[in-house]
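Undergrad: Just a sequence and a predicted model for now, questions to come.
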Amino acid sequence: MNKISVLQVGNEDLSLTLHIPDFVDWNYVDDLKEATERSYDVCVLNRCVNKEEAYILLKKIRAYTMFVLDSVELKGWTKWIYASRMAKYVDV
């Protein structure tokens, strides 16, 4: 089975208890320059992003694969990448 690569941008502690299966490679980064994989299957956004970070995400994730936590305010570049990648707002 192929691994699913998940990128979580922001605080590692989601205040959630998650069971992450062995076939999921979960990557926590706060600085998007640390996101070393060419692309990710899923992105979980846990904080706002600036212009540079929005363009990094634009290259690393596909449409419909971004999830933005409800604690993140949709404004500025965060709103732009949300719309560009057809993201889903997630109520935690």
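TA: Perfect, thanks for sending it. Residues are numbered from 1 along each chain as shown.
Undergrad: Contacts made by stretch 35-45 with the rest, please.
TA: 4-10, 14, 27, 29, 56-57, 59-62, 65-69, 72, 78, 81-82, 85, 87 (C-beta atoms under 8 Å, 6 or more residues apart in numbering). Placement of C-beta: from N, CA and C, glycine included.
Undergrad: Among these, which ones are in helices?
TA: Counted as lying in helices by DSSP state H, out of the contacts of stretch 35-45, are 56-57, 59-60, 78, 81-82.
Undergrad: okay, and for the protein, where does confidence drop off?
TA: For the chain, the stretches flagged by pLDDT under 70 are 1, 13-17.
Undergrad: repeat that with 50
TA: Applying pLDDT under 50 to the chain flags no residue at all.
Undergrad: Tell me where it has strands.
TA: 4-9, 24-29, 42-45, 66-69, 88-90 (DSSP state E).
Undergrad: for these, which one sits closest to Glu52?
TA: Nearest of these to Glu52, taken as C-beta to C-beta: strand 4-9 at 12.7 Å.
Undergrad: what packs against the closest one?
TA: When contacts are defined as 3 or more C-beta pairs under 8 Å, 6 or more residues apart in numbering; DSSP states H and E, strand 4-9 sits against strand 24-29, strand 42-45, helix 51-60.
Undergrad: Mind doing that once more with 6 Å?
TA: Helices and strands touching strand 4-9, by 3 or more C-beta pairs under 6 Å, 6 or more residues apart in numbering; DSSP states H and E, are strand 24-29, strand 42-45.
Undergrad: Put together JSON lines for the ones you listed, with distance to Leu18 and mean neighbour count on each row.
TA: Output for these, formatted as JSON lines (distance: least, C-beta to C-beta, whole Å; neighbours: other C-beta atoms under 10 Å):
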{"stretch": "strand 24-29", "distance to Leu18": "8", "mean neighbour count": "15"}
{"stretch": "strand 42-45", "distance to Leu18": "10", "mean neighbour count": "21"}
